[in-house]
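Trainee: pasted the sequence and its predicted model underneath.
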Amino acid sequence: MEVIIKQNYDQICEEAAEIILQRWKKKENLSMGLATGKSPLGLYKRLITLYKNNKMDFSRVVAFGLDEYLGLKENHPQSFAYYMKKNLFQHINIKKENIFRLKGDPEDINSHCREYEEKIKEFGGIDIQILGIGRNGHIGFNEPSSSLASRTRVKTLTQETIEANSRIFKNKENIPRHCLTIGIGTIMESEMIILLASGKEKSEAIKLSVEGPVTASVPASILQLHPVVKIIIDKEAACLLAHKDYYQWIYDNKYKVEGFIKNSKEKKS
Ligand code: F6R
């Protein structure tokens, strides 16, 4: 797990955008798993700027939505499909046929979830999965107690998550209680995972996920078992971490390790 602590939200987004850009330079048909919510908004703005400045081209990029409210149609202003369109897709040159999402109104939920998993496989899996984190440690909408091996399926949201997301709903009674979400097992098959978190309200979840035991009670703690995870957070979200100075030390000295690796490769060849 690489824990990258930045001064503020803007810097988190800058770091994440740079990682994505570098990865895209090596693989233009990058397949990305995309979260909604507050956390990735600044990252999406930066990706749009990269596109507008001709630094990144999305014509071969493939996108997979992470989750969706059950019961909401694609054009519902609070649907995740609508969010992705408004905050990213309509501003870049991603092809419509390369955008995949979980539908809030599928005809047959189980076969829809199965087909979604198959679609991800068809594209060779997710190269970079972008995640936010819930205050209770959820990733996607895999709430505490979700199986750590779970696949794409229906979940019932916790009261806490419903409350946290209620800011976007005018009529509080209409807030969906169920969603479709990619499973934790599905997330763990991604090649790289980038988790973004900002603010003190996320500090407890970050502390438990990074330094606590791996447990279904804190779904994001499973990320400790993934080989390429970048936890990119600001000072506030990092404030409870016991080893934050060490994480900073690793980051500050990273270029030296990269130098050793480069030298050893050159010596070999
Ligand atoms: C959203 C999602 C959720 C959010 C999490 C944090 O697609 O899957 O896991 O990432 O609830 O939400 P924000 O970023 O709004 O605090």
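Mentor: Perfect, I can see it now.
Trainee: what segments of the stretch 1-150 of the chain are helices?
Mentor: 9-26, 41-52, 80-87, 109-122 (DSSP state H, counting those that start in this stretch).
Trainee: let me have those helices in JSON lines, adding mean pLDDT and mean neighbour count as columns.
Mentor: Every C-beta, even on glycine, is put in place using the N, C-alpha and C of the backbone. Converted to JSON lines, the helices of the stretch 1-150 of the chain look like this (pLDDT from 0 to 100; neighbours: other CB atoms under 10 Å):
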{"stretch": "helix 9-26", "mean pLDDT": "98", "mean neighbour count": "17"}
{"stretch": "helix 41-52", "mean pLDDT": "98", "mean neighbour count": "19"}
{"stretch": "helix 80-87", "mean pLDDT": "97", "mean neighbour count": "19"}
{"stretch": "helix 109-122", "mean pLDDT": "98", "mean neighbour count": "15"}
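Trainee: mind putting those helices into CSV with distance to the ligand?
Mentor: Converted to CSV, these look like this (distance: least, CB to the nearest ligand atom, whole Å):
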stretch, distance to the ligand
helix 9-26, 11
helix 41-52, 8
helix 80-87, 6
helix 109-122, 15
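Trainee: which one, of those, ends up nearest to Ile139?
Mentor: Between Ile139 and the helices of the stretch 1-150 of the chain, the shortest separation by CB to CB is 14.7 Å, and it involves helix 80-87.
Trainee: the closest one vs helix 41-52, what angle?
Mentor: Using axes from the mean of the first three to the mean of the last three CA atoms, to 10 degrees, one finds that helix 80-87 and helix 41-52 are set 50 degrees apart in direction.
Trainee: that older thread, out of the helices of the stretch 1-150 of the chain, the one nearest Arg60 is which?
Mentor: Of all those, it is helix 9-26 that lies closest to Arg60, at 9.2 Å by CB to CB.
Trainee: by mean pLDDT, which helix or strand of this protein comes out lowest?
Mentor: Counting by mean pLDDT, DSSP states H and E, the weakest-scoring helix or strand in the chain turns out to be helix 254-268, with a mean of 78.
Trainee: helices or strands up against that one?
Mentor: Secondary structure elements in contact with helix 254-268, counted by 3 or more CB pairs under 8 Å, 6 or more residues apart in numbering; DSSP states H and E, are absent; no helix or strand qualifies.
Trainee: chain center to that helix: distance?
Mentor: 30 Å (CA atoms, centre = their mean, to the nearest Å).
Trainee: what's the separation between Thr36 and Ser79?
Mentor: According to CB to CB, to the nearest Å, Thr36 stands 9 Å off from Ser79.
Trainee: now do the contacts for Ile222.
Mentor: For Ile222, the set of contacting residues under the criterion of CB atoms under 8 Å, 6 or more residues apart in numbering consists of Leu148, Ile184, Met188, Val214.
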